[in-house]
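Participant: got a sequence here, can you build the structure:
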Amino acid sequence: MTSPASRLTRNDAKTLSLSALGGALEFYDFVIYVYFANVVGHLFFPADMPEWLSQVQTYGIFAAGYLARPLGGIVMAHFGDMLGRKRMFMFSIFLMAVPTLAIGLMPTYDTIGIAAPLLLLLFRVMQGAAIGGEAPGAWVFVTEHVSPRHTGFACGTLSAGLVAGILMGSLVATAVHASMSTEEVNEWGWRLPFILGGALGFVTMYLRRWLQETPVFTEMEARQELAEELPIKTVIKGHVPSVAISMAVTWVLTAAVVVTILMTPALLQKLAGLDPQLSLEANSLAIVALFIGCISAGALADRFGNGLILGIFSLGLALSYAAFFSLMLTDTSLLFVLYPLVGFFAGLTGVVPAVAVKSFPPAIRFSGLSFSYNLAYAIFGGTTPLIVSMLLKYDALAPVYYVSLVCVVGIASALAVIRFRRQLDLSPVQP
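Facilitator: Residues are numbered from 1 along each chain as shown. As a prediction, this is how the structure comes out:
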């Protein structure tokens with residue numbers, strides 16, 4: 001067994017890098033929809049539909065992907081706890097690649113009518129089920145390969161990999177808009193990012209062949225210590241506090257990613273009149289800062305504790321986003337200065353999984369994390385765009401109010417982690 005004091009081995013580094021790369025490609029597949037939401041809204045719904053209703057329905061299909069996450073996550077986590085982490089790690093990318101490729105090739109509303117949005121809904125549900133197993137499975141997979149001393153860094157590195165997938169989506173969207181006219185994008189250019197994502201998904205499947213089952217699961221299997229009943233049943237019966245804290249920190253993660261990174265470019269285009277290409281360039285820079293923030297938060301959490309770092313980053317995100325977004329409504333001259341600052345503090349997403357992973361014992365870790373993470377993401381992440389979009393009808397600062405509220409939840413969660421860390425940290429990552 002690896003000593004807690006040991007450094008990352010070459011095999012650890014290989015596992016982290018391959019897992020992060022695979023996660024990046026899978027997250028690219030999931031988020032590319034957001035960057036072309038406006039185009040999709042025009043192509044997959046009736047042309048005479050009011051603009052606001054088209055946007056609501058477009059984001060409604062976006063939300064459907066999140067609502068499918070708990071089911072996919074729970075099913076894959078069940079088999080991950082019973083049959084092995086690696087098998088589900090392979091299956092999740094296959095389930096993502098197929099619908100992503102299909103979206104890029106499918107006909108629009110003008111060709112097949114109502115079947116177009118229905119098929120789009122089906123494919124988003126499939127993507128949601130896939131991502132529901134991917135992120136929790138990846139966090140469990142990498143942390144069970146490294147010593148407990150490096151849990152935060154491992155989670156932060158993997159989260160940075162997932163962020164890299166968002167950055168890929170932003171860069172591809174920027175390239176498409178920069179190299180094509182609006183007419184070309186609407187006619188066929190929007191398809192290219194989805195086709196590329198599907199192809200990269202199959203590349204990821206090949207890469208993951210080189211990963212090995214985690215030593216934690218292998219040891220539990222050898223000792224016959226796997227869950228004796230349905231893992232999710234054990235989670236619900238005996239680990240409610242762990243579920244509660246994991247759901248709370250996941251809510252913070254959703255605000256950090258969905259509002260400040262995924263929604264903000266489109267909001268700035270609409271509310272501040274920002275050029276689409278300029279907003280995407282700034283978004284790409286913010287995502288680079290988010291990448292750095294994830295790794296930094298994870299490494300700092302290993303040194304100073306998960307609770308303290310979560311609290312500091314939550315406060316930083318609330319203050320920086322309030323200053324950034326409110327200023328952008330009247331003056332965009334500091335766009336490339338303030339948006340990266342927001343991105344860095346959104347790096348709290350690097351410490352969130354470390355809190356959740358440590359909250360469950362090994363036999364039910366995958367199921368506990370997946371249930372908590374995906375249920376919270378379905379409730380908060382999937383509905384966030386709809387809530388913010390509706391609130392914008394009353395106040396242009398609605399995104400700021402929402403992010404601030406959730407950051408208060410983050411600070412409260414941080415205090416709970418500090419206060420009750422003995423109860424929450426039920427076991428080290430390795431048994």
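
Participant: helices of the stretch 151-300 of the chain, start to end?
Facilitator: With DSSP state H, counting those that start in this stretch as the definition, the stretch 151-300 of the chain shows helices at residue ranges 151-179, 182-184, 191-207, 215-222, 231-238, 240-254, 264-271, 276-304.

Participant: pick the most deeply packed of these.
Facilitator: With neighbours taken as mean count of other Cβ atoms under 10 Å, these reach their highest mean count in helix 151-179, at a mean of 24. (Each C-beta comes from the backbone N, C-alpha and C, glycine too.)

Participant: who are the packing partners of that helix?
Facilitator: Taking 3 or more Cβ pairs under 8 Å, 6 or more residues apart in numbering; DSSP states H and E as the contact definition, the neighbouring helices and strands of helix 151-179 are helix 10-35, helix 115-143, helix 191-207, helix 276-304, helix 352-357.

Participant: just give the nearest non-adjacent residue to Ala248, would you?
Facilitator: Ser413 (4.5 Å; Cβ to Cβ, 6 or more residues apart in numbering).

Participant: brain fart, Pro46
Facilitator: Distances taken as Cβ to Cβ, 6+ apart place Tyr109 nearest to Pro46, at 6.6 Å, with adjacent residues excluded.

Participant: residues near the one you found, how many?
Facilitator: Other residues within reach of Tyr109 by the criterion other Cβ atoms under 10 Å amount to 18.

Participant: equivalent analysis for the one 3 residues further on, please.
Facilitator: Applying the criterion other Cβ under 10 Å, we find 14 residues in the vicinity of Ile112.

Participant: which ones are touching it?
Facilitator: Ile112 makes contact with Leu119, according to Cβ atoms under 8 Å, 6 or more residues apart in numbering.

Participant: confidence score at it?
Facilitator: The per-residue pLDDT reported for Ile112 equals 86.

Participant: re the thing from before, go through the helices and strands packed on helix 151-179 and find the least confident stretch.
Facilitator: Mean pLDDT is lowest for helix 10-35 among the helices and strands packed on helix 151-179, at a mean of 75.

Participant: helices and strands around that helix, which ones?
Facilitator: Short answer (3+ Cβ pairs under 8 Å, 6+ apart): helix 10-35 packs on helix 51-67, helix 85-105, helix 115-143, helix 151-179, helix 191-207.

Participant: show the subsequent helix or strand relative to it.
Facilitator: Note on helix 10-35: by DSSP states H and E, the next helix or strand toward the C-terminus is helix 37-43.

Participant: on contacts alone, who are the packing partners of that next one?
Facilitator: Under the contact criterion of 3+ Cβ pairs under 8 Å, 6+ apart, the helices and strands touching helix 37-43 comprise helix 51-67.

Participant: about what we covered before: how about CSV for the helices and strands packed on helix 10-35, with distance to Val403 added?
Facilitator: Converted to CSV, the helices and strands packed on helix 10-35 look like this (distance: least, Cβ to Cβ, whole Å):
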stretch, distance to Val403
helix 51-67, 17
helix 85-105, 28
helix 115-143, 21
helix 151-179, 17
helix 191-207, 27
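
Participant: many thanks, we can stop here.
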